[in-house]
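Fold the stuff below for me.
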Amino acid sequence: MEEPLRRGASVTLADGGDDTVGRILSLTEDGRRAEVRWHRPHGGERHISVEDTAALRRVHESELPPKPEGD
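This is a model prediction of the structure:
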């Protein structure tokens, strides 16, 4: 069984593309919903949304885009 998602974990949408990565800001007590700050690699736009954790998958460090300078 996979370890449950935790605050600070890097994630992407399980059925989406890997071009948008986010970091979990908070989780509900039951762990079923997560507030995610999305980092869009092109343009640097940031967006926060609440997602079902079943719709998320953990992203390995090797999948992360390079961090922009000064971020």
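
hey, let's count contacts and neighbours off CA atoms from now on
Noted.

In three-state terms, label residue 2 for me.
coil (DSSP: H, G, I helix; E, B strand; the rest coil).

Read off the pLDDT value for it.
Listed pLDDT for residue 2 reads 71.

any idea how far it lies from residue 23?
Noted for residue 2: a distance of 18 Å to residue 23, by Cα to Cα, to the nearest Å.

Same check on residue 32?
Taken as Cα to Cα, the spacing of residue 32 relative to residue 23 amounts to 16 Å.

One more: residue 5?
To residue 23, residue 5 is 11 Å away according to Cα to Cα.

Next: residue 31.
Counting by Cα to Cα, the separation of residue 31 from residue 23 is 15 Å.

So for these two, which sits in the more crowded spot?
The neighbour count for residue 31 versus residue 23, taken as other Cα atoms under 10 Å, is higher for residue 23 (21 against 14).

For that one, which non-adjacent residue is spatially closest?
Spatial nearest neighbour of residue 23, excluding adjacent residues (Cα to Cα, 6 or more residues apart in numbering): residue 10 at 4.5 Å.
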